[in-house]
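Undergrad: Sequence and predicted structure are below.
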Amino acid sequence: MSQRKLVFALVAGVALVGAGVGLGAAVALAQAPGAAAPKPAATPPPAPTCKTWGSKPQCCDPKVSAHLPKDAVFKACGESEATFLGELGSKDTCKYIFKVEGQKEDETFVQVYAPMAKEVPEYPTDPFFSWKKVGRVYITDKAKTPKAAPMMANSTGLWLPGKGFTVSVNASTKVCDKAQAKKLAPSIN
């Protein structure tokens, strides 16, 4: 490349850089003094992909609901989409809420709790209830204390040990009576 072409290329490059700086300065001057740069439009949060319930609705974590799908609850407890109000999820919990005539909605549920655990006992150890095994799942059998008797009358507990986790199900007797809860037990995994 000749010296003349080299100088021309260098001058052209400096001119382009200068033009870019000048353009940036012109844009800065065009804004009102003290005005902030425009913010990008906020994207709305994604719509839930499930039917939710409650004041802070959140879909159940699929890892938790996989231990007891709502369709299994429908089948065993005689419920349907018509009585299903929605689900309420949190880290380790999935609560299915149902409409039962004459009952409070926050008392008509089947709740699945599936926390991770380093050590998983072979059977439930509970100071308030005795448990009996139905297949591979344990079910609450009797209240051990008079104070636990009302809890036993209002819900049935199911418990399954897993590898690195346990699954506990608390089924309101207003949604799923004891006989229905026994039918629900094989669906827990």
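TA: The structure has been received and is ready for your questions.
Undergrad: And the residue nearest to Ser90 when sequence neighbours are not counted, how far from Thr125?
TA: In space, and not counting its chain neighbours, Ser90 is closest to Gln58: 6.8 Å by Cβ to Cβ, 6 or more residues apart in numbering. To be clear about C-beta, it is placed using only N, CA and C from the backbone, and glycine gets the same treatment. According to Cβ to Cβ, to the nearest Å, Gln58 stands 31 Å off from Thr125.
Undergrad: which of those two has more neighbours?
TA: More crowded of Gln58 and Thr125, by other Cβ atoms under 10 Å: Gln58, with 15 against 7.
Undergrad: For Ala82, see how far away that one is.
TA: Computed with Cβ to Cβ, the distance linking Gln58 and Ala82 is 23 Å.
Undergrad: So what would you say the end-to-end distance of stretch 136-151 is?
TA: Terminal residues of stretch 136-151 lie 23 Å apart, using Cα to Cα, to the nearest Å.
Undergrad: Could you do stretch 146-156 as well?
TA: 16 Å.
Undergrad: Doesn't Pro146 belong to a strand?
TA: No - per DSSP: H, G, I helix; E, B strand; the rest coil, Pro146 lies outside any strand segment and is coil.
Undergrad: For it, give me the pLDDT.
TA: On pLDDT, Pro146 comes in at 94.
Undergrad: What of Ala15?
TA: 41.
Undergrad: Also Ile97?
TA: Value listed for Ile97 in the pLDDT field: 97.
Undergrad: For it, which three-state class applies?
TA: strand.
Undergrad: Wait, it touches Gln111, no?
TA: No - if you go by Cβ atoms under 8 Å, Ile97 and Gln111 don't touch, sitting 9.4 Å apart.
Undergrad: can you tell me which residues contact Trp159?
TA: Each residue near Trp159 by Cβ atoms under 8 Å, 6 or more residues apart in numbering is listed here: 124, 131, 137-139, 166-169.
Undergrad: and Ser2, what pLDDT?
TA: Here the pLDDT value assigned to Ser2 is 48.
Undergrad: For stretch 54-73, give the mean pLDDT please.
TA: 92.
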